[in-house]
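Trainee: what shape does this take:
(one chain, ligands or ions: 1)
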Amino acid sequence: MAVERLDKLISKILNISRNDAKLLIKKGNVKIDGEIIKKSDIKCDTEKNQIFVNDTACFYKQYRYIMMHKPSGVVCSTDDSDVNVIDILPDDLKCSGLFPGGRLDKDTTGLLIITNDGVFAHKVISPNKNLIKRYLADLAEPLDDDAINTLTSPMTLADGTVVKPAQIKVLSDDKMQIEIGIGEGKYHQVKRMLGAVNNRVVSLHRQSIGSLSLDSSLSVGECRELTQSELDELLQNSDI
Ligand code: URA
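Mentor: I've put the predicted structure just below:
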């Protein structure tokens, strides 16, 4: 996007209504290239003009890439009546068209990428891209060697779905805490895989998607934008 009406641009940048943007402009709070502009319909070129609101430089970003430390109890589906991951985004990261790339269950915590870039989502985080997603899982039963052999081979789930081998690391002496890595993203895949070896996932936390790990400084429910190098690395590693 390059040239856009000023009120439209301000409403997108600040995630406010067009009317509120018009009001800000009318009150003289908006400058373009150092000059106060009071006309909402003036055209502004985001690649050439510098916009200030209350003397703070504002940048229009067409696409957003957000890392969320997803809390339990929040759904990824935006069609649901439950509180969803878009609802809990901070206002300064909200913009139209955001959706979670790859879903986590309501009770799963951890790394979620939220974006408004459909091409990126398709290239990088869609389930069929085979990017390894790593999860920490607490199990109801110890995971024995037979179960590990089954999980690390192609296996068939209860409904006949065939899934690719998982990568398993046993993390605790009691064999009830594991790291599991899967390339696909089938519905309830980790829970169903563990169910198929007569175990049960008690809690599930996603640690990483491909090269991207959950930022350990993000508390549960917190978000930040991905850095350019995180984005570049994800794109480099996607198998397109
Ligand atoms: N597998 C599951 O079973 N649930 C998730 O949320 C993610 C992967």
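Trainee: tell me the pLDDT of residue 57.
Mentor: With respect to pLDDT, residue 57 has a value of 87.
Trainee: assumed it was part of a strand.
Mentor: Yes. Assessed with DSSP: H, G, I helix; E, B strand; the rest coil, residue 57 lies in a strand.
Trainee: and the gap between it and residue 26?
Mentor: Between residue 57 and residue 26 the computed distance is 21 Å (Cβ to Cβ, to the nearest Å). Any C-beta I mention is one placed from the backbone N, CA and C, and that applies to glycine too.
Trainee: residue 117 too?
Mentor: For residue 117, the distance to residue 26 (Cβ to Cβ) stands at 33 Å.
Trainee: who's more crowded, these two?
Mentor: residue 117 (18 against 13; other Cβ atoms under 10 Å).
Trainee: distance of the closest residue to residue 181 other than its chain neighbours from the ligand?
Mentor: Closest residue to residue 181 apart from its sequence neighbours, by Cβ to Cβ, 6 or more residues apart in numbering: residue 167 at 3.8 Å. Per Cβ to the nearest ligand atom, to the nearest Å, residue 167 is found 14 Å from the ligand.
Trainee: repeat that for residue 61.
Mentor: Distance of residue 61 to the ligand, computed by Cβ to the nearest ligand atom: 29 Å.
Trainee: just the pLDDT for that residue.
Mentor: 81.
Trainee: residue 142: neighbour count?
Mentor: Using other Cβ under 10 Å, residue 142 is surrounded by 15 other residues.
Trainee: same check on residue 39?
Mentor: Using other Cβ under 10 Å, residue 39 is surrounded by 12 other residues.
Trainee: before we move on, back to that, the residue nearest to residue 181 contacts residue 183, correct?
Mentor: No. Using Cβ atoms under 8 Å, residue 167 is not in contact with residue 183; the gap is 9.0 Å.
Trainee: neighbour count winner among those two?
Mentor: Taking neighbours as other Cβ under 10 Å, residue 167 and residue 183 compare with residue 183 leading, 18 against 13.
Trainee: for that one, phi and psi?
Mentor: When quoted as degrees, to the nearest 10, the phi and psi of residue 183 stand at phi -90, psi -30.
Trainee: who's in contact with the residue nearest to residue 181?
Mentor: 132, 152, 179-182 (Cβ atoms under 8 Å, 6 or more residues apart in numbering).
Trainee: buried sites along the longest strand that the chain contains?
Mentor: Counting by DSSP state E, the longest strand found in the chain is strand 201-209. Buried residues in strand 201-209, counted by 16 or more other Cβ atoms under 10 Å: 201, 204-209.
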